[in-house]
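**Q** based on what follows, work out the 3D shape:
(chains A and B)
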2 protein chains.
Amino acid sequence: MPRKPVILLTNDDSIKAPGLRSLISSIRPFGRVVVVAPDRPQSGTAHAVTINVPLRLDLLAREKDYEEYACNGTPADCVKLAMKVILRKRPDFLFSGINHGSNASINIIYSGTMAAVFEGAMAGVPSVGFSLDDYSMTADFRPSQPYLERIVRQVITRGLPDGICLNVNFPASASIKGIKVCRQAGGTWKEDFDIREDPHGRDYYWLKGVYLKKDHGADTDQWAIENNYVAVVPVQFDFTANSALKLLHSWFR
Amino acid sequence: MPRKPVILLTNDDSIKAPGLRSLISSIRPFGRVVVVAPDRPQSGTAHAVTINVPLRLDLLAREKDYEEYACNGTPADCVKLAMKVILRKRPDFLFSGINHGSNASINIIYSGTMAAVFEGAMAGVPSVGFSLDDYSMTADFRPSQPYLERIVRQVITRGLPDGICLNVNFPASASIKGIKVCRQAGGTWKEDFDIREDPHGRDYYWLKGVYLKKDHGADTDQWAIENNYVAVVPVQFDFTANSALKLLHSWFR
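**A** Here you go, the predicted structure:
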C-alpha cells in the first residue's frame, strides 16, 4: 500500500473558525493531516511575516494521522513553522481555508488564506486556497463540500504545474451549478474611513469599504460566484507585466 | 503655468528611515509632496491592512508644498489614509521607498514598500517602488539618485499603463552601469527557525533565512542588481496564470 500523503491545512480566520473545521473533515480521509493555524483571526494580514516577535506553537490535538497546532503568527508564519519545525520537510499538499468571505478578484492581494497558499507553492508544494462568499461565522459550508472534494481529488491525483497554485471561491448558494475555471476579475474597493473622536479629543480612523465591480466578463471569478458557480483561478507569483516590457524598454534605451 | 503635481511618498522602514529622507530630497523639486509613512518599521508586513485597531495620523511638518505625517498602520494603510483623509483625492503620482534592502525576485511578495505601490496602482495612480540592495541603516543612497530622478522624470512625463506599476531595485554599488528593464527573477528563501527556550522553559522560534537564487537569466532583476545595473520591472496585480488555464479547463470539463 502506498504511504498516505502528508497534507498541511491552515487558514487566516483562526484555528477556531468553522470554515477550517469543515476543511478538516473533508480532507482527513485523504491522508495524514497536520493543521497549523493562527490562534486568532488574521484576515487582512496578506503575506505578512513575523520578524520582531518570537513565534509560539501550541499542540492542541494528536490522534492517529492527525495533529493540530495553534500559532501566534500569520498564515505565512504557520506554513513556514509547519515545514521547518513540525514536519521538518515539505508536506505533499497544502490546503488553506475555507475562508469566511470571498477572495475572488482583487481580494486575493489582501488575503492571508492565499498568502499561505503562495507560501506553499513557493516551496514547491501543490497548494490550493478555498473561500466561501459569505463573511458570517454561521455560513453553511455543506453545499461546497462535494466540489471541494472533487478539486482536492484532482490535485492529489495530478499535482499542479511548478509555480502555479489555485484560488477557489465558492458561491454562497445552496444550489451550486458546477465548477468554472476563470481568470481573476478586475475590481477594486471603494473605501472610506470613519473619522471618530476618542474620549481624549483625538481623532482616529476605521477603514470601511464596499467592493466595486469593474470587470463584467463571464470568464471571471467574480462572475462565476455571482452566478452560483465554483470559481477556480490558477494563480502565479511571478508578477512581471510582460505586456509592458516593450514600452519600458523604449523608455530606457 | 500648469499646476504642480501632487506626489504621495511612503515606505515601510518608517518615517525616520534615511532611505525615505533620500527619496524626499529627490522628489521635492518635482511638485507638491505629501509624505505619509509608518511611525515604526513595517518590513515584512506585505499587503496587510489594519482592521482591528484604530488608525492615527500625526502631522510632523508643514511647509510650502510639503507635508509630512506619521501613521500607526501599515504602508497600505498609509496610502489609503493619504487618499481618503489627508488629500481627499488621488495623488497624481506615488513613490515608495527607498527601501533598505532588495525587493527584487520573490522579495516583492513580502514587501510593504511594494504593497504601497500596488495600493496606488489599484487606485489608478502611476506608482513606483524604489529599493536599494543594502539592508544597513547607513546605506549610501547617493549613487542611486541620478537614476531615480531619471525614472521619476519618465513616469511624471508619460504616466504608466493602467494596471501596471514599477518595481525598481538599485545595486549596492558606487559605480552603477545603467538601467535594465527586467522580468522578476525566480528564487526563494532557504529558511529555518532558531529554536530557543524562554526563562520559563517554553520554546519559541525566530525566523532566519538566506535568499536562494534559482534563475540565472541575464534578463532578470536579480542578475541586474548583482551586475551593478538598476533593475526596472513592470509588475501587475492580475495574478492569473494564463499558461495554466487550458490544463485546468481539461480537469473540470
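**Q** where does pLDDT dip in chain A?
**A** Low-confidence segments of chain A (pLDDT under 70): A:1-2.
**Q** show me where it has its strands.
**A** Along chain A, counting by DSSP state E, strands occupy A:6-10, A:32-38, A:57-63, A:66-71, A:93-100, A:127-132, A:164-170, A:178-181, A:187-197, A:203-213, A:229-236.
**Q** in TSV: those, plus mean neighbour count.
**A** From N, CA and C alone the C-beta is placed, and that goes for glycine too. Output for those, formatted as TSV (neighbours: other CB atoms under 10 Å in any protein chain shown):
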stretch	mean neighbour count
strand A:6-10	25
strand A:32-38	24
strand A:57-63	12
strand A:66-71	20
strand A:93-100	29
strand A:127-132	28
strand A:164-170	27
strand A:178-181	18
strand A:187-197	14
strand A:203-213	15
strand A:229-236	25
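**Q** turn those into CSV, columns for distance to B:Met137.
**A** What follows is the strands of chain A, written out as CSV (distance: least, CB to CB, whole Å):
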stretch, distance to B:Met137
strand A:6-10, 34
strand A:32-38, 31
strand A:57-63, 32
strand A:66-71, 30
strand A:93-100, 36
strand A:127-132, 36
strand A:164-170, 36
strand A:178-181, 47
strand A:187-197, 32
strand A:203-213, 30
strand A:229-236, 34
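**Q** got TSV for those, with distance to chain B too?
**A** As requested, these are exported to TSV (distance: least, CB to the nearest CB, whole Å):
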stretch	distance to chain B
strand A:6-10	15
strand A:32-38	12
strand A:57-63	7
strand A:66-71	9
strand A:93-100	14
strand A:127-132	11
strand A:164-170	5
strand A:178-181	4
strand A:187-197	5
strand A:203-213	4
strand A:229-236	4
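**Q** the residue nearest to A:Arg150 when sequence neighbours are not counted: what's it in contact with?
**A** Spatial nearest neighbour of A:Arg150, excluding adjacent residues (CB to CB, 6 or more residues apart in numbering or on different chains): A:Ile179 at 7.2 Å. For A:Ile179, the contact set (CB atoms under 8 Å, 6 or more residues apart in numbering or on different chains) comprises A:Tyr147, A:Arg150, A:Ile151, A:Tyr229, A:Val230, A:Val232, B:Phe252.
**Q** of the strands of chain A, which is nearest B:Ser127?
**A** strand A:187-197 (14.0 Å; CB to CB).
**Q** which other residues reach that closest one?
**A** Counting by CB under 8 Å, 6+ apart, A:105-106, A:203-215, A:222, B:54-55, B:80-81, B:84-85, B:122-123 sit against strand A:187-197.
**Q** picking up where we left off before, just put the contacts of A:Ile179 in TSV and tack on distance to B:Gly44.
**A** Shown next, in TSV, are these (distance: CB to CB, whole Å):
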residue	distance to B:Gly44
A:Tyr147	35
A:Arg150	36
A:Ile151	31
A:Tyr229	36
A:Val230	33
A:Val232	30
B:Phe252	36
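**Q** which of those sits closest to A:Val33?
**A** A:Ile151 (16.6 Å).
**Q** now the residue nearest to the closest one when sequence neighbours are not counted: how far from A:Gln154?
**A** Nearest non-adjacent residue to A:Ile151, counting by CB to CB, 6+ apart: A:Val168, 6.0 Å away. A:Val168 is 11 Å from A:Gln154, where distance means CB to CB, to the nearest Å.
**Q** contacting residues around A:Leu207?
**A** Neighbour list for A:Leu207: A:Glu191, A:Phe193, B:Val49, B:Thr50, B:Ile51, B:Leu55, B:Asp77, B:Lys80 [criterion: CB under 8 Å, 6+ apart].
**Q** apply 7 Å and report the result again.
**A** A:Leu207 is in contact with A:Glu191, A:Phe193, B:Val49, B:Ile51, B:Lys80, counting by CB atoms under 7 Å, 6 or more residues apart in numbering or on different chains.
**Q** in TSV, list those residues along with distance to B:Val35.
**A** Compiled in TSV, these are given as follows (distance: CB to CB, whole Å):
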residue	distance to B:Val35
A:Glu191	21
A:Phe193	19
B:Val49	20
B:Ile51	24
B:Lys80	15
